[in-house]
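Q: Predicted model, plus sequence, below.
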Amino acid sequence: MNKGARILVVDDEREIRRCLELSLEEKGYTVLAAESGEKALDLLQQRPADVAIVDLLLPGIDGIELTRSIRQRSTLPIIILSAIGDDKKKVEALETGADDYVTKPFSIEEVVARIRSVLRRVVGSKDVNPILSFGDLVVDFEHREVRLGDEPIKLTPMEYELLKYMAQNAGRVLTRRMLLTAVWGPGHEDDTQSLRVLVRQLRKKIEKIPAQPCFILTDPGVGYRFKSEPS
């Protein structure tokens, strides 16, 4: 599924572009490289990509504006490259339409894992599955049922809506604002305490060790990420 996918790398640092280009081509991907947002948009008009890897700090059109521009034109998966500690920018990029982020400095293994994750989501979205399995956890959307192994799990309506949204976006970083809007609706974007309580309640019901979650993972300073690989 991933072999031969075309990856657009946008970074103004030549060393990073070259590193990603060589490493990704070695993994079987085709790489397009751009040093600016303007160049990236030109390349996308000429040769559509399957995934874009976008640095936040770009000359001219920065990573946020490039993400917004790409999202207005297509559903191309976007992975952000972000400097350590720049959580506000990460959140802004994700809420603008990015699918994931990788923090600098990064390992090529992490980048490849994130690429595979967004590509799986793209393929999976073409055929909506009414039942998703994540190890022992099964979410049946058609019957609104949740099971952990052979045991049915009783969830409140809000707990179910949170689990449903996260499972349908498994592997994607979801900001607190995105989750609050999806579950509570517009006007609740700042009610982070309610979200923390709901996440804690849900973890108690679906995690074997709630203090060491394997399904609902925390992205510090940003939000949450559900386990990325359905069984």
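A: Yes, it's here.
Q: domain ranges for the chain?
A: Described in terms of automatic domain parsing, the domain architecture of the chain consists of the residue ranges 6-125, 131-226.
Q: what's the most buried one of those domains?
A: Relative to the other members of the domains of the chain, domain 6-125 carries the highest mean neighbour count by mean count of other C-beta atoms under 10 Å, namely a mean of 18. For the C-beta atoms, the positions are set from N, CA and C on the backbone; glycine is no exception.
Q: Quick check: mean pLDDT of that one?
A: Over the span of domain 6-125, the pLDDT mean works out to 90.
Q: please begin residue numbering at 56 from this point
A: Noted, 56 is the first residue going forward, which turns the last one into domain 61-180.
Q: could you say which helix or strand contains residue 193?
A: According to DSSP states H and E, residue 193 maps onto strand 192-195.
Q: Equivalent analysis for residue 174, please.
A: Using DSSP H and E, the element containing residue 174 is helix 163-180.
Q: C-terminal to that helix, what's the next element?
A: Past helix 163-180, heading to the C-terminal end, the next element that is a helix or strand (DSSP H and E) is strand 186-189.
Q: For this protein, which segments count as helices?
A: Taking DSSP state H to define them, one finds helices in the chain at 69-81, 92-101, 118-128, 142-151, 163-180, 212-223, 231-239, 247-261.
Q: Need the phi and psi values for the residue nearest the centre of the chain.
A: With distances taken as C-alpha atoms, centre = their mean, the residue of the chain nearest its centroid is residue 227 (2.4 Å). Dihedral angles of residue 227 (phi, psi; degrees, to the nearest 10) stand at phi -90, psi 140.
Q: Look up the closest residue to it, ignoring the ones flanking it.
A: The shortest distance from residue 227 to any residue that is not its chain neighbour, by C-beta to C-beta, 6 or more residues apart in numbering, is 5.6 Å, and that residue is residue 154.
Q: for residue 239, same thing?
A: Excluding its sequence neighbours, the residue lying closest to residue 239 (C-beta to C-beta, 6+ apart) is residue 246, at 6.7 Å.
Q: so how far is stretch 96-109 off the chain centroid?
A: Between the mean C-alpha location of stretch 96-109 and the chain-wide mean there is a distance of 19 Å, by C-alpha atoms, centre = their mean, to the nearest Å.
Q: before we move on, back to that, switch the helices of the chain over to a markdown table; also include distance to residue 186.
A: Written out in a markdown table, the entries for these read as follows (distance: least, C-beta to C-beta, whole Å):
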| stretch | distance to residue 186 |
| --- | --- |
| helix 69-81 | 34 |
| helix 92-101 | 36 |
| helix 118-128 | 30 |
| helix 142-151 | 27 |
| helix 163-180 | 13 |
| helix 212-223 | 10 |
| helix 231-239 | 21 |
| helix 247-261 | 16 |
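Q: residue contacts, the closest residue to residue 94 other than its chain neighbours?
A: If the residues on either side of it in the chain are set aside, residue 94 comes closest to residue 65, at 7.8 Å by C-beta to C-beta, 6+ apart. Contact analysis of residue 65 by C-beta atoms under 8 Å, 6 or more residues apart in numbering lists 88-92, 94-95, 107-110, 113, 118, 121.
Q: In CSV, list these along with distance to residue 194.
A: Written out in CSV, the entries for the contacts of residue 65 read as follows (distance: C-beta to C-beta, whole Å):
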residue, distance to residue 194
88, 39
89, 39
90, 43
91, 42
92, 38
94, 42
95, 37
107, 30
108, 30
109, 31
110, 35
113, 38
118, 33
121, 34
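Q: And the residues you listed, which two are furthest apart?
A: Using C-beta to C-beta, the pair of those lying farthest apart is 88 and 118, separated by 15.2 Å.
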